[in-house]
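Visitor: Fold the following and give me the result.
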Amino acid sequence: MQPGTATLADINARLDKLERQLAAVSAALIQGDGDAVLLASSLLRDAAVEVSGLLPVPTASVRQGGAELQRRLSAAGKTFAMCRENLARRAAVVDRQLASIFPPAPADQATYGKPAGTGGKFGSRFF
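Guide: Below is the predicted model of the structure:
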């Protein structure tokens, strides 16, 4: 489909798929199932590409969809942002759990002297 040739039915079908995948990612994040998050995220990416393929959206189709289409697009954007934040939170939890099992090495234990950027008058690694 060429950009700008989508009908309201095309837009709704792709938006339905995007909404389903956003819900799947949210559910996988809540369950804490890494494999499900990976699969749902991949399918979400594909759905997002399909929706972006509609751009620019034909004016007649947008008018036909009206306020409901705008509401759905806005809600999808907000849900996307929420999924991104929840994924960042999940990653922070996993990082803390890993750090409790495998403590990070102290930053001041460089292999060959001082770590880069800590010496000299100008804070450069060259001085």
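Visitor: Quick one: distance of stretch 31-50 to the chain centre.
Guide: In terms of Cα atoms, centre = their mean, to the nearest Å, the centre of stretch 31-50 is set 10 Å apart from its chain centre.
Visitor: for that stretch, what is the average pLDDT?
Guide: In this model, stretch 31-50 has a mean pLDDT of 89.
Visitor: cool, and stretch 84-101?
Guide: Per-residue scores along stretch 84-101 average to 86.
Visitor: So what touches that stretch?
Guide: 26, 29, 32, 37, 41 (Cβ atoms under 8 Å, 6 or more residues apart in numbering). All C-beta spots, glycine's among them, are computed from the backbone N, C-alpha and C.
Visitor: now it: how far from the chain's centre is it?
Guide: Taking Cα atoms, centre = their mean, one finds the center of stretch 84-101 at 15 Å from the center of the full chain.
Visitor: how about that stretch as PDB, C-alpha atoms only?
Guide: Listed next in PDB are the C-alpha coordinates belonging to stretch 84-101 (Å, rounded to 0.1, in the frame of the first residue of the first chain):
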ATOM      1  CA  ARG A  84       8.700   1.900  27.600                       C
ATOM      2  CA  GLU A  85       8.700   3.200  31.200                       C
ATOM      3  CA  ASN A  86       7.700  -0.200  32.500                       C
ATOM      4  CA  LEU A  87      10.400  -1.900  30.500                       C
ATOM      5  CA  ALA A  88      12.900   0.500  31.900                       C
ATOM      6  CA  ARG A  89      11.700  -0.300  35.400                       C
ATOM      7  CA  ARG A  90      11.900  -4.000  34.800                       C
ATOM      8  CA  ALA A  91      15.400  -3.600  33.400                       C
ATOM      9  CA  ALA A  92      16.400  -1.700  36.600                       C
ATOM     10  CA  VAL A  93      15.100  -4.600  38.800                       C
ATOM     11  CA  VAL A  94      17.000  -7.100  36.700                       C
ATOM     12  CA  ASP A  95      20.100  -5.000  37.000                       C
ATOM     13  CA  ARG A  96      19.800  -4.800  40.800                       C
ATOM     14  CA  GLN A  97      19.200  -8.600  41.000                       C
ATOM     15  CA  LEU A  98      22.200  -9.300  38.900                       C
ATOM     16  CA  ALA A  99      24.300  -6.900  40.900                       C
ATOM     17  CA  SER A 100      23.300  -8.800  44.100                       C
ATOM     18  CA  ILE A 101      24.600 -12.000  42.600                       C
END
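Visitor: With that, I have no additional questions.
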